[in-house]
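Asks: Everything below, folded, please.
(3 chains)
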Amino acid sequence: MNAFTLSRRTLIKGSASALALGAVGSRALAAGEVVVGIVYVGPRDDFGWNQAHAVAAKALKAVSGVKVVEEENVPETVAVSKTMESMINLDGANLIFATSFGYFDPFVVDAAKKFPKVQFRHAAPLWSKDKHPANAGSYFGYLNQAHYVDGVAAGLSSPTAKIGFVAAKPIPSVLSNINSVLLGARKTNPKAVVQVVFTGDWSLPVREAEATNALIDAGCEVITCHVDSPKVVIETAEKRGVKTLGHNASQAPLAPKGFITGAEYKWETIYKAYAAKLGKGEALPNFFTGGYHNDMVQNTPYGAGATPEAIKAADAAIADLKAGKPIYVGPLKDNKGNLVIGKSYDNYDPFLDGMNYLLEGVVGSIT
Amino acid sequence: MTESALATVLVAMIGGAIRVSTPFMFVALGETITEKSGRINLGLEGTLVLGAMVAYMTSYKSGSPWLGVLGAGAVGMALGALHGAVCRLPRVNDVAIGIAMMSFGVGLAFFFGKPYIQPTAPRLPSVPIGEWLGAPPALRVALDVNPLFLAGIAIAVFLWWAFRNTRWGLILRTTGDSAPAARAMGIPVDLVRFLATSAGGFLAGVAGAFLSLYYPGSWNEGLSSGQGLMAVALVIFARWDPLKCVYAALLFGAAGALGPALQSIGITQGYYFFNAAPYILTLLIMIASAGSKRAMRDIPGELSMSR
Amino acid sequence: MQKSATAQAPLATAHEASPPASDLGIRLRRSAEYIAVPLFALLVSAALFAVFLILVGKSPADFYSLLWRGGFGTAFSLQNTLQRAAPLILTALAMAIPARIGLIMIGGEGALVLSGFSAAAIALPLIGVAPRFVLLPVMALAAVAAGALWVGLAGYLRHARGVNETISSLLLTYIAIAIMNFFVEGALRDPGSANKPSTFPIGEANMIGSIPGTDVHWGLAAGIVLCIALHLLMSRTTFGFAARITGGNPRAALAQGLPVGRLVVACSMIAGACAGVAGFFEVAAIHGRANASLAAGYGFTGILVAFLARHSPLAIVPVAILFGGIAAAGGLIQRRMGLPDASVLVLQGLIFVVLLVSETLYGRFAIFSGERSASRT
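Replies: Numbers count the residues shown, from 1 in each chain, chains lettered A, B, ... in the order given. As a prediction, the model looks like this:
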């Protein structure tokens, strides 16, 4: 395991051994039946965020003595607290996975206080030992690492490396992906720029298609995105004959001509590790995050749009990330000229979780 | 703004008007037929969503996108017929039934649509008008149009002509303006309204097919962000005139392209308001143009909103 | 002329308020009709949905027992239902009150979002400065004012410029959401809210708690009180009488010298204020801050609730509870039966269509009518 994760969060201990022992068969549960409740914000088969969770969470169902109940399309309102309570009260759930960012505060936090015997795990790096109940916790993968690799490949796959980015909302995880694409592309082509269009919401297919067309009309040669279901963006770009970088799940089949590579979570790693722990009747770690070094993100296998040089450079970038080489090498300015990153930051530094700027080289504004 | 940036925005808006307007046009035209007969069907959002799902499913299963369009029209017509049939019963409120049917249509679409979110179905082809006209390359893509867009304009022109110049048009308008007068002339009022609502449903279903099979060309639960609802509103805006429905749809499409286009040339501050441009623009035009006596003149007298 | 019910409903109630023959027996029979017909409609829609379930290979018995258990059958379920009903009662009022004067105002969603945002925004300089008993009323006032102004604007445009209120209130909803997003993701954003852009929280100490002994927030009580108050306003006061006259026949109202314009704007403002109360409770009792989750669609669901309740404030309460119950049970049904979440939408749609169609049955059965169908025009 690597040093920085451990030094940052002592609580992550155990996740490494869980990973190593993931394949060991399940023993009977010590403390009776485990009923797992999983809550999704959208449809389980949305070809994006929710589906990635739902597919990976199947690993939990395979564990004997574990029962899984799932509910989809649960909005980030009082509905989610009622869904969690309903799972606990009516289904006897004693472990809840809340998979949408906005579930955490106040809903998961309140539920954890109300039901101290139930374990809650939430898919974003928000839990902190000092502020939140001990029966809650976080799991997350740093997808920006894979987006960085996307950028590296894009820089060598198009002549001008002008990359169009269709983004939903200017939140830190999206901004980090945008900035990482830029830094990756600049690594292989110093003239690279990223042009951003914010659509304003997570699922607006028509506006996403419009944004893609507008970016291509403005001269972008590579298109990528961070929206709930990237299908529309990738297919629109493919139809217009430009290259694409995927997001969230493999979009390679949607763009047989222009697909370069894509950034994907590997939730499988997490849910399998959880499943293994449950199988042995062990407690789950409160904090479980990672990136390339512990197999929690990956890049989609290269498509026809990736040039041989791009593949070589991207493979090298992946090796660098696995070795812990930082993406954010300071000093870096934002696109308004302010110094925002003074030094080089480790890829898991919490400083980066609060990103609220676009780096110089990104055309766009967060308001 | 430099000249080339301005050109980019203009091209995007022309392209946006052509790409985005078609579903608005079809729903608005369908609703115009229905409202001309004196009924309101607010449920076309549900019809549109169900049409989109059925079109995608049919195209995926049969391999023929045009069959998908037909299937969407058929299911839309069925929903319209249901609306038309129950609203003839005394005391049944057409506006309320419409809203209930919206929930029903969306529910059916989501219920049966789950397995079709992932597969890729054959889509509708486009007609490269830009290429035929020898337009500059920048404009060519914007002028790639779908046959349904052209069909929508043709239908609008036909309706505009038919409302004034055919016996059917007269029957429809009479029914919508005064049911007692129509009955006195021997017109079967309920039948006319039933047919008008079914026809409206057919067009709204086709609008859904355009969404799922052409632009943005994919089926998922977020596909329609209220297009059907907005299009019904546009009918009032267009004053029940089929040609004005086309203008309204084009305007709405162009305004919708404004947000992404401005951001793509680097004008990014306040994009929430650019993205809301279609709504703001429509409201401003309505405020500026309303208040005239004409508003009252154009409205079919039997509509519950006419007073 | 057979007009649609926007004009009809107010007339019907006008007759109810003063039955031509105020014989107790007739009144009782007619009340019985108002219970029997909807019950019959519910049974029919349940049967239709059972057929639907059999067609897709699921057990109707399982479905209905889970529906009961998840929506009403346990103390937890009942509270879940009431909690979900609370905002629907308020947004349904936002539709129902203008409907009594003949307006189809569908801007409840926008008013809710904008008022919730206003409540959170006005709280910002006061958090930690003003005590709770000052902060909460200020927030409530801001919310009610914002909602009243927003829907009132649609009412004013209707009156002053003849702008159709249905379309303007829908447009104003989209604009309200854009305004909220602009500020929440920009000037008023709490940097700590990270990936869920929100305003600064009002603080746990300032939040409104639950009704004692339950898990249901006070919005439910506010909704029920408002329903009763607005029922009295619309049925027992000169204002309500004038509004109903206007809703029945605006030309006659004008001829009689009623201030139609002021009535229209006033009813719109009351509507917006109701949605504003819903927005206030969303912020002060649920989220503790303003963010995109305020636009959860309560405003749109409220429209349906109002229509089912025939725009009667008192009928809104049971309809909203029915609706809340189905929504509350939806999760359990999804989890236990492996049915998609949309099955609840199908059921709701079916119930609404059948209930609305059942309106045609009123006055058709001799058993209920001492005097036939007062409300036919």
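
Asks: Give me the packing partners of the helix or strand residue A:225 falls within, helices and strands only.
Replies: If you go by DSSP states H and E, residue A:225 is part of strand A:222-226. Where contact means 3 or more Cβ pairs under 8 Å, 6 or more residues apart in numbering or on different chains; DSSP states H and E, strand A:222-226 is packed against helix A:144-155, strand A:162-167, helix A:172-188, helix A:205-217, helix A:231-239, strand A:243-248. Any C-beta I mention is one placed from the backbone N, CA and C, and that applies to glycine too.

Asks: run the last query once more with 7 Å
Replies: Using 3 or more Cβ pairs under 7 Å, 6 or more residues apart in numbering or on different chains; DSSP states H and E, the elements in contact with strand A:222-226 are strand A:162-167, helix A:172-188, helix A:205-217, helix A:231-239, strand A:243-248.

Asks: of these, which approaches chain C most closely?
Replies: Taking Cβ to the nearest Cβ, helix A:172-188 is the member of these nearest to chain C, at 5.3 Å.

Asks: In three-state terms, label the closest residue to residue B:64 other than its chain neighbours for me.
Replies: In this structure, residue B:64 finds its nearest non-sequential neighbour in residue B:122, 7.0 Å apart by Cβ to Cβ, 6 or more residues apart in numbering or on different chains. Assigned state for residue B:122: coil (three-state reduction, DSSP: H, G, I helix; E, B strand; the rest coil).

Asks: helix/strand/coil for residue A:289?
Replies: Judged by three-state DSSP, the three-state class of residue A:289 is strand.

Asks: Touching, residue A:97 and residue A:121? I think so.
Replies: Yes: the criterion here is Cβ atoms under 7 Å, and residue A:97 meets it with residue A:121 at 5.3 Å.

Asks: So what touches stretch C:54-69?
Replies: For stretch C:54-69, contacts defined as Cβ atoms under 7 Å, 6 or more residues apart in numbering or on different chains pick out C:50, C:53, C:77, C:329, C:332, C:333, C:336, C:337, C:339.

Asks: which parts of that stretch are buried?
Replies: Under the neighbour-count criterion of 16 or more other Cβ atoms under 10 Å in any protein chain shown, stretch C:54-69 has C:58, C:63, C:64, C:66, C:67, C:69 buried.

Asks: how close does the third one get to chain B?
Replies: In this structure, residue C:64 and chain B are separated by 18 Å, where distance is defined by Cβ to the nearest Cβ, to the nearest Å.

Asks: about what we covered before: can you verify my assumption that the residue nearest to residue B:64 contacts residue B:63?
Replies: Yes: the pair residue B:122 / residue B:63 is scored as a contact, 5.8 Å apart, by Cβ under 7 Å.

Asks: Between those two, point out the one with more neighbours.
Replies: For residue B:122 and residue B:63, the more surrounded residue by other Cβ atoms under 10 Å in any protein chain shown is residue B:122, and the numbers stand at 16 against 11.

Asks: contacting residues for that one?
Replies: By Cβ under 7 Å, 6+ apart, residue B:122 lies in contact with B:59, B:63, B:64, B:65.

Asks: If any of the residues you listed are buried, give me the PyMOL selection for them.
Replies: To isolate the buried subset of the contacts of residue B:122 in PyMOL, counting by 16+ other Cβ under 10 Å, use the following:
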select buried, chain B and resi 59+65
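
Asks: about what we covered before: any chance of the backbone angles for the residue nearest to residue B:64?
Replies: Taking degrees, to the nearest 10, you get phi -60, psi 130 for the backbone angles of residue B:122.

Asks: which parts of the stretch 101-250 of chain A sit against chain C?
Replies: Residues of the stretch 101-250 of chain A lying close to chain C (Cβ under 7 Å from any Cβ of the partner chain) are A:101, A:102, A:106, A:124, A:169, A:170, A:171, A:172, A:173, A:200.

Asks: returning to that earlier point: spatially, which two of the contacts of residue B:122 are the most separated?
Replies: Of all pairs drawn from the contacts of residue B:122, the greatest distance, 8.5 Å, lies between B:63 and B:65 (Cβ to Cβ).

Asks: Measure how buried residue A:43 is and give me the count.
Replies: 26.

Asks: can you pull out the strands in chain B?
Replies: Ranges of strands in chain B, per DSSP state E, are B:127-128, B:144-145.

Asks: show me what contacts residue B:117?
Replies: Contacts of residue B:117 (Cβ under 7 Å, 6+ apart): A:45, A:46, A:47, B:219, B:220.

Asks: Can you tell me which of those comes closest to chain C?
Replies: The shortest approach to chain C among these belongs to residue A:45, at 9.5 Å (Cβ to the nearest Cβ).

Asks: Phi, psi for that closest one please.
Replies: When read as degrees, to the nearest 10, the backbone of residue A:45 gives phi -120, psi 50.

Asks: Quick check: it vs residue B:114, distance?
Replies: 6 Å (Cβ to Cβ, to the nearest Å).

Asks: How about the residues of the stretch 101-250 of chain C by chain A?
Replies: Going by Cβ under 7 Å from any Cβ, the residues of the stretch 101-250 of chain C near chain A are C:181, C:185, C:186, C:191, C:194, C:195, C:196, C:197.

Asks: can we see that at 8 Å?
Replies: Residues of the stretch 101-250 of chain C lying near chain A by Cβ under 8 Å from any Cβ of the partner chain: C:178, C:181, C:182, C:185, C:186, C:187, C:191, C:194, C:195, C:196, C:197.
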